[in-house]
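> here is a sequence together with a model predicted from it:
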Amino acid sequence: MTHEIKHLVAEALAWQKDNRKIVLATVVAMEGSSYRRPGVRMLLNDLGASFGAVSGGCVEKEVQIQAQSVFESGIPKMMTYDGRLRLGCEGIIYVLLEPMVLSSSLSHSLQSALEQRVTFSSISYFNLEVGSHSGFGTQFIFEDQVFSFREHFSTGEGFSTFKQEFPPLFQCCIFGAEHDAVILTKAAFALGWEVTVIAAPDEQKTLAYFPGAKRLLTPAIDQFDLSTIDDQTAIVLMTHSLSKDVQYLLKLSETKPAYLGLLGPAKRREQVIGHLLEHKPEVNLGFIEQLRGPVGINIGVENAQEIAVSILAEILSVVRNQEPIPLSLKKGQIHE
């Protein structure tokens, strides 16, 4: 959700610059099945424009209609959408609609949290009953600082709350500069991830070669900065060079990423591990066990685009601790 907040705030700031009134819609609760989990958001302005979505498309028109009274009164309100009475998901979602004015302090704190890769949080106050109340609203918390979207916002006792944590932006570090790295960069960017491409100095590639990448790094291997690799980082090695893979893994062996994958057949993984242990016998066993190769899940891939889908699907399954299976075979609700 962190990348969604980043883009929502950027859009809201642009609308504010044009003196537009803004309403923020947040799904704060649900019953039964729904397209998205609570915490998904969308923006609306007084010219009828919207940004983001709270469903697959069946709810947004109703949200726009309900938001009109918030534009007029400036008072937050609750609305519900019952998918059981309409075509769509078999559930009820509860949406908080509130006026949104971004202070410079809030936007600065958000930008700082994103750049420093620190977790922040939000808490929304509401009642499940449909209606308006000046005590409804959302606060964002950055360490010991609390910000809201309205001046002098305060809430009373007895409200329901929806709390949400926003970890650092998920990032994908791609080691390699061939065509398959370009395709994976595009696909990871489409998921909202921050993508860093790491290439050898002799690759002679520019950032423009990797659409969607935030940065291209070309350091000597022993000078690579490991400080930004954390538990919100996926690493994919696709250098097409056994020696480079080993050198990078030697450097990475002290890190603890969320995911670590190696392009190539199973035999290549064994070769890389053998060389890694030869150069660094004391390497942590957990690091070796984390290395996945061949990278990706088995979906019968035939080209670079499908390989990228396979890799990203495996990353998501590992990070979210899910076993990849057809949803038709899953018992219970889709979102648990």
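Right, received. Where do you want to start?

> and residue 6, how far is that from residue 214?
Separation of residue 6 from residue 214 (Cβ to Cβ, to the nearest Å) stands at 12 Å. Using the backbone N, CA and C atoms, a C-beta is placed for each residue, glycine as well.

> counting neighbours, go ahead and name the busier of the two.
Counted by other Cβ atoms under 10 Å, residue 6 and residue 214 do not tie: residue 6 has more neighbours, with 18 against 15.

> elements contacting the helix or strand encompassing the more buried one?
If you go by DSSP states H and E, residue 6 is part of helix 2-17. Where contact means 3 or more Cβ pairs under 8 Å, 6 or more residues apart in numbering; DSSP states H and E, helix 2-17 is packed against strand 22-32, strand 41-45, strand 50-52, helix 104-116.

> of all the ones you listed, which one comes closest to residue 252?
helix 104-116 (21.9 Å; Cβ to Cβ).

> quick one: contacts of stretch 245-254?
175, 198, 221-222, 224, 226, 229, 235, 237, 239, 260, 262, 272, 275-276, 279-280, 283-284, 287, 291 (Cβ atoms under 8 Å, 6 or more residues apart in numbering).

> out of those, which are buried?
175, 198, 224, 229, 235, 237, 239, 260, 262, 272, 275-276, 283, 287, 291 (16 or more other Cβ atoms under 10 Å).

> for these, which one is nearest residue 164?
For those, the nearest to residue 164 is residue 229 (24.9 Å; Cβ to Cβ).

> which parts of the stretch 151-300 of the chain are helices?
Ranges of helices in the stretch 151-300 of the chain, per DSSP state H, counting those that start in this stretch, are 179-190, 242-252, 266-279, 285-290.

> any chance of JSON lines for these, columns mean pLDDT and distance to residue 46?
Shown next, in JSON lines, are these (pLDDT from 0 to 100; distance: least, Cβ to Cβ, whole Å):
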{"stretch": "helix 179-190", "mean pLDDT": "96", "distance to residue 46": "30"}
{"stretch": "helix 242-252", "mean pLDDT": "94", "distance to residue 46": "50"}
{"stretch": "helix 266-279", "mean pLDDT": "94", "distance to residue 46": "56"}
{"stretch": "helix 285-290", "mean pLDDT": "93", "distance to residue 46": "50"}
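
> what residues of stretch 40-48 count as buried?
40, 41, 42, 43, 44, 45.

> where exactly do the strands run in the stretch 101-250 of the chain?
Secondary structure of the stretch 101-250 of the chain (DSSP state E, counting those that start in this stretch): strands at 120-126, 131-132, 137-142, 145-148, 160-166, 171-175, 194-198, 215-217, 233-237.

> select, out of these, the one closest to residue 30.
Proximity to residue 30 (Cβ to Cβ) singles out strand 160-166 among the strands of the stretch 101-250 of the chain, at 10.4 Å.

> what lies in contact with that closest one?
If you take Cβ under 8 Å, 6+ apart as the criterion, strand 160-166 is touched by 1-2, 5, 26, 28-29, 38-39, 96, 113, 119-128.

> same deal with stretch 110-119?
Outside stretch 110-119, the residues touching it (Cβ under 8 Å, 6+ apart) are 2, 5-6, 9, 120, 140, 142-143, 165-169, 228, 230, 232.

> so which of those is the most crowded?
Neighbour counts for the contacts of stretch 110-119, by other Cβ under 10 Å, peak at residue 166, which reaches 23 neighbours.

> so what sits opposite that residue in the bridge?
residue 120 (DSSP bridges).

> related to what we said a few turns ago, distance to residue 187 for the buried residues of stretch 40-48 - can I get that in JSON lines?
Shown next, in JSON lines, are those (distance: Cβ to Cβ, whole Å):
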{"residue": "40", "distance to residue 187": "22"}
{"residue": "41", "distance to residue 187": "24"}
{"residue": "42", "distance to residue 187": "24"}
{"residue": "43", "distance to residue 187": "26"}
{"residue": "44", "distance to residue 187": "30"}
{"residue": "45", "distance to residue 187": "31"}
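
> report the two of those separated the most.
The distance between the two most remote of the buried residues of stretch 40-48 (Cβ to Cβ) is 18.5 Å, for 40 and 45.

> re earlier: make CSV from the helices and strands packed on helix 2-17 and add mean pLDDT to it.
Output for the helices and strands packed on helix 2-17, formatted as CSV (pLDDT from 0 to 100):
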stretch, mean pLDDT
strand 22-32, 91
strand 41-45, 95
strand 50-52, 93
helix 104-116, 93
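
> which of the ones you listed sits closest to residue 184?
Short answer: helix 104-116, nearest of the helices and strands packed on helix 2-17 by Cβ to Cβ, at 22.8 Å.

> tell me what angle that closest one forms with strand 137-142.
On the basis of axes from the mean of the first three to the mean of the last three Cα atoms, to 10 degrees, helix 104-116 is oriented at 50 degrees to strand 137-142.

> now helix 104-116: buried residues?
106, 107, 109, 110, 113, 114.

> quick check: residue 45 touching residue 19?
No: using Cβ atoms under 8 Å as the test, residue 45 is too far from residue 19 to be in contact (10.1 Å).

> per-residue confidence at residue 82?
As predicted, residue 82 sits at a pLDDT of 74.

> spit out the contact partners of it.
residue 92.
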